[in-house]
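In: sequence first, then the predicted structure, then my questions.
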Amino acid sequence: MSEDAFRSLYRRLRTSVPWGPEDRRGALNHLDPAGTVAAAGEVRLGRAVSLAAPVEGRVTPDNPEPARHRMKEGGSAGGGLAFSLDRIDMNIHGNADSHLDALCHVIVDGELYNGVDAATITEHGASELSIGLAGEGIVGRGVLLDVPRSRGAPWLEPGDHVTVDDLLTAERNQGVQAGRGDILLVRVGHRQRRTERGPWDAAAARAGLHPDVVPLLAERQVAVLGSDGNGDTAPSLVDGVDYPVHVLAINALGLMLMDYLQFEDLAPICGQTGRWSFMCVIAPLRLPTGTGSPINPIAVL
C-alpha cells in the first residue's frame with residue numbers, strides 16, 4: 001500500500017467514528033451490558049483457558065529487555081512466621097509478553113484518538129485515554145479465527161500477512177462470524193513458530209494483518225482486537241509508515257489491541273468441539289495513567 005493510499009484510508013476511518021468529539025471509550029462502546037450477558041451464554045464446558053504467553057526472564061532476540069523477577073525475601077529455615085516476597089519489573093510494550101494497548105499508545109501528528117492532544121501524556125503518565133478506561137475489565141464474546149488452519153499450515157511465516165479474504169475464509173471454515181461487540185482474536189501462529197523454531201527478531205520480521213483488514217473490523221463493530229503477533233506485519237506493508245494497523249485501529253478507530261497472546265491451548269479445544277466462540281475475560285492492571293498493561297486474558301468455554 002502506498003503512503004497516500006494509507007493516509008486516505010486513515011482519514012476515512014477517523015472521520016467514521018460515530019460517538020462525537022468527547023468520546024474516550026472508542027470501540028468499547030460497541031460492547032454493552034447486553035453483549036456481556038449474551039457472552040455468558042457461550043459457556044458450555046465450564047473450562048477456563050489462558051490466552052497469555054508465560055512471562056519470560058531470559059534475554060532473547062525478541063525480548064532484549066525481559067521482565068525481571070527478583071526475590072526480596074526467600075525461604076527461612078528458622079522457626080516462627082516468615083514470608084517469601086518477590087518483585088517484578090516489566091516493559092509493557094515489547095515483542096514477547098502479552099499486553100493490552102491503551103488508546104493513548106499511538107500518536108499521529110501530535111494527536112491521540114479522537115483528536116486528543118498528545119501533550120496529555122507526560123512523565124507522570126497519560127491523563128487521557130489511559131488503560132484506566134478498561135480498569136473494570138472487558139468481558140464479551142471472544143471469536144478465534146485460525147488463519148494458518150484455513151491455509152493448511154502450522155503458522156504464517158514472518159513477513160506474510162492476513163488478508164480480508166483470509167478472515168472471511170476462516171469464518172466460513174469455522175462456522176462463526178465476528179460481530180458487534182466481539183473480542184476478535186486472529187491466530188497467525190507466531191507463538192507456535194517461536195516455540196518450535198526458537199525466538200527471532202520479531203521487530204524486524206513477523207506475520208500480521210494487512211491494513212485493508214481494519215475497515216472490515218470497523219464495519220463489524222469489533223470491540224477489541226487480539227493476535228498472537230502484534231497485529232502488524234514486519235517489514236511494514238505501507239511505504240513510509242511503520243505499524244499501520246496500530247495507527248488505523250488505535251488512533252483512527254479507538255480500537256484497543258492485545259499483542260503477543262498465545263492460542264496453542266485454546267485452538268485445539270475449539271477444533272475438537274467445533275465451537276470457535278466463547279466468553280472472554282480481559283483484566284488489565286488498574287494503572288490509572290498507563291499506556292497499556294500486562295494481561296492474562298481468559299477464554300471460558
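Out: Now that the structure is in, tell me what you want to look at. Numbering: from 1, shown residues only.
In: contacts, neighbours, all on C-alpha from now
Out: Noted.
In: tally of neighbours for Arg275?
Out: For Arg275, the neighbour count with other Cα atoms under 10 Å is 18.
In: next: Thr195.
Out: The burial count for Thr195: 9, using other Cα under 10 Å.
In: CA atoms only for the helix or strand harbouring it, dumped as CSV, please.
Out: When elements are assigned from DSSP states H and E, Thr195 belongs to helix 190-197. Only the C-alpha atoms of helix 190-197 are listed here, as CSV (Å, rounded to 0.1, in the frame of the first residue of the first chain):
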residue,chain,number,x,y,z
HIS,A,190,3.6,-16.7,15.9
ARG,A,191,3.8,-18.4,19.3
GLN,A,192,3.9,-21.9,17.9
ARG,A,193,6.6,-21.0,15.4
ARG,A,194,8.6,-19.4,18.3
THR,A,195,8.2,-22.5,20.4
GLU,A,196,9.3,-24.9,17.7
ARG,A,197,11.9,-22.8,15.9
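In: just checking, what packs against it?
Out: For helix 190-197, there is no helix or strand it packs on, judged by 3 or more Cα pairs under 8 Å, 6 or more residues apart in numbering; DSSP states H and E.
In: ranking helices and strands of this protein by mean pLDDT, which lands last?
Out: Taking mean pLDDT, DSSP states H and E as the measure, the chain has strand 68-73 as its least confident helix or strand, at a mean of 89.
In: who are the packing partners of the longest strand belonging to the chain?
Out: Looking across the chain with DSSP state E, the single longest strand is strand 138-146. When contacts are defined as 3+ Cα pairs under 8 Å, 6+ apart, strand 138-146 packs onto helix 33-40, helix 164-174, strand 183-187, strand 277-282.
In: need the residues that contact the first one.
Out: I take that to be helix 33-40. With contact meaning Cα atoms under 8 Å, 6 or more residues apart in numbering, helix 33-40 is reached by 139-141, 181, 278-280.
In: one more: the last one?
Out: The set of residues that contact strand 277-282 without belonging to it, under Cα under 8 Å, 6+ apart, is 39-43, 137-144, 176, 183, 295-301.
In: what subset of these is buried?
Out: Neighbour counting over these (16 or more other Cα atoms under 10 Å) leaves 39-40, 42-43, 138-144, 176, 183, 295-301 as the buried ones.
In: related to what we said a few turns ago, among the contacts of helix 33-40, which one sits closest to Tyr10?
Out: Nearest to Tyr10 among the contacts of helix 33-40 is Gly181, at 21.8 Å by Cα to Cα.
In: that closest one contacts Val222, doesn't it?
Out: Yes: using Cα atoms under 8 Å, Gly181 is in contact with Val222, at 5.2 Å.
In: quick check: neighbours shared by those two?
Out: Joint contacts of Gly181 and Val222 (Cα under 8 Å, 6+ apart) are His30.
In: mind checking what secondary structure the most centrally placed residue in the chain has?
Out: In the chain, the residue lying closest to the centroid (Cα atoms, centre = their mean) is Met258, at 1.2 Å. Of the three states, Met258 takes strand according to DSSP: H, G, I helix; E, B strand; the rest coil.
In: assess the claim that it and Asp97 are in contact.
Out: No: using Cα under 8 Å, Met258 makes no contact with Asp97, being 10.4 Å away.
In: can you give me the helices for this structure?
Out: Taking DSSP state H as the test, the helices found in the chain are 3-14, 33-40, 147-151, 164-174, 190-197, 213-220, 244-246, 266-273.
In: so the last one versus strand 183-187, what angle?
Out: For helix 266-273 against strand 183-187, the angle by axes from the mean of the first three to the mean of the last three Cα atoms, to 10 degrees is 100 degrees.
In: now helix 266-273: how far from the chain's centre is it?
Out: Chain-centre distance of helix 266-273: 20 Å, with Cα atoms, centre = their mean, to the nearest Å.
In: same thing with the third one?
Out: On the basis of Cα atoms, centre = their mean, helix 147-151 sits 19 Å off its chain's mean C-alpha point.
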